[in-house]
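Participant: One predicted model, sequence on top.
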Amino acid sequence: MPMPRCQLVSLDATPNYHVVSRCVRRQFLCGVDSQTGRDFSHRRDWIRSRIFELAEVFAVDVCAYAVMSNHFHLVLSVDEVRAMVWDEHEVGRRWMQLFGGTALVRSFVAGEKLSEAQLAAVALKIAEYRKRLFDISWFMRCLNEPIARQANAEDNVTGRFWEGRFKSQALLDEAALIAAMAYVDLNPIRAAMAETPEESDYTSIQQRVFERDPKIAGNEAGATENLPESLQNALGKLMPFSDQMAGGQPPPDPGRAIPYEIRDYLELVDWSGRAVVEGKRGSIPDNLPPILERLKIDPVSYVKFINRSEKSRFGNFIGPVQMMRSLAERFGKSFLKGQTAAAQLFSPG
């Protein structure tokens, strides 16, 4: 029996989630149509641009993304604390970047004088908007609906563009977060669309490589004007690692940073890409990234995970088996799918 969305996305369990949206019938509605030859690749720019527009509005950070020809992946981290400290004017202003808001809210944000009864009504709407601004379902709604309308208008059709509601997986600890990020970043390599991370278009790993070494993206001086506009606008907006933001500066809020060095993560994804290409599911190269040891991730199970074979054994939760058992008990269930896979992938501490 499917679990309700309120249990699948529960900030009491974790702020981190892997989400996926697919086009209807998994057709190439953001790539090249094999039957007509029409190229819809520009829609991948629409999606990336919208992702980071929303990240500027919501209290939701983007840890990883991959925009493919018929689906996209995101790894998102919700910052409820950030949303709760915004004052009422800030909440109203942010919401009005997405929707018009009520007439009273517009007057309030504009600084017009309101009666006590009107202010009370505004407070109720602001409280509603505040909750939505750290809600993954609202983030995905604000991402998918405009893209669907834009694509349907371009095709002069009506009907569904996306398969249905997005799918989500809760990432229960740091190891699950890093593994899911690597899984997402390796999508083009697994699909034989790229051979290296820096060649993996429309991914966060390519963006992080460019941010770390701009010369890869541009000319010898490090110019980036030859990059797609959607990528230029996204630079510096990914959730930072603990040691670095764009430009080499430390993150302003270490508590809202991925708790590993970006160099380690880039090394992990590069190593993982080679393992995927070479098909080394049972034997691991000698140059094992130390980040796997620190995360207590079993290397053999990890390579199966990033090749999809192990990931398919997980359900809506990815993390250590003990955390999954605790969640099952809390939700009144005897079992959550993926506990066997979790026991193999995440070694006990």
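Facilitator: On my side now, so go ahead.
Participant: so where's this structure uncertain?
Facilitator: Across the chain, residues meeting the criterion (pLDDT under 70) sit at 1-9, 217-224, 244-255, 277-286, 309-311, 348-349.
Participant: buried set for whatever helix or strand Q322 lives in?
Facilitator: Assigned by DSSP states H and E, Q322 falls within helix 321-330. Residues of helix 321-330 classed as buried by neighbour count (16 or more other C-beta atoms under 10 Å): 321, 323-324, 327-328. Every C-beta, even on glycine, is put in place using the N, C-alpha and C of the backbone.
Participant: of all those, which comes closest to D264?
Facilitator: M323 (23.1 Å; C-beta to C-beta).
Participant: Dump the buried residues of helix 321-330 into CSV; add distance to F40 as well.
Facilitator: Shown next, in CSV, are the buried residues of helix 321-330 (distance: C-beta to C-beta, whole Å):
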residue, distance to F40
V321, 42
M323, 40
M324, 39
L327, 39
A328, 42
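Participant: L124: which of these is nearest?
Facilitator: Distance to L124, by C-beta to C-beta, is smallest for L327 among the buried residues of helix 321-330, at 32.6 Å.
Participant: wait, isn't the closest one in contact with L336?
Facilitator: Yes. Applying C-beta atoms under 8 Å, one finds L327 in contact with L336, separated by 6.2 Å.
Participant: Contacts for stretch 64-75, please.
Facilitator: For stretch 64-75, contacts defined as C-beta atoms under 8 Å, 6 or more residues apart in numbering pick out 16-23, 26-32, 41, 44, 47-48, 51, 62-63, 171, 177, 180-181, 183-185, 187-188, 191, 200, 202-205, 238.
Participant: Now the helix holding Q322 - C-alpha only, PDB.
Facilitator: Provided in PDB are the C-alpha atoms of helix 321-330 (Å, rounded to 0.1, in the frame of the first residue of the first chain):
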ATOM      1  CA  VAL A 321      19.200  -0.100   8.300                       C
ATOM      2  CA  GLN A 322      18.700   0.900  11.900                       C
ATOM      3  CA  MET A 323      17.300   4.300  10.900                       C
ATOM      4  CA  MET A 324      14.900   2.600   8.400                       C
ATOM      5  CA  ARG A 325      13.700   0.300  11.200                       C
ATOM      6  CA  SER A 326      13.200   3.200  13.500                       C
ATOM      7  CA  LEU A 327      11.100   5.000  10.900                       C
ATOM      8  CA  ALA A 328       9.000   1.900  10.200                       C
ATOM      9  CA  GLU A 329       8.200   1.600  13.900                       C
ATOM     10  CA  ARG A 330       7.300   5.300  14.000                       C
END
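Participant: C-terminal to that helix, what's the next element?
Facilitator: helix 339-345.
Participant: Span of stretch 195-209 from start to end?
Facilitator: Terminal residues of stretch 195-209 lie 14 Å apart, using C-alpha to C-alpha, to the nearest Å.
Participant: That stretch: which residues count as buried?
Facilitator: In stretch 195-209, counting by 16+ other C-beta under 10 Å, buried: 196-198, 200-209.
Participant: got it, and stretch 73-84?
Facilitator: By neighbour count on 16+ other C-beta under 10 Å, the buried set for stretch 73-84 is 73-79, 82-83.
Participant: Could you do stretch 88-104 as well?
Facilitator: Buried-residue list, stretch 88-104, by 16+ other C-beta under 10 Å: 88, 91-92, 94-96, 98, 101, 104.
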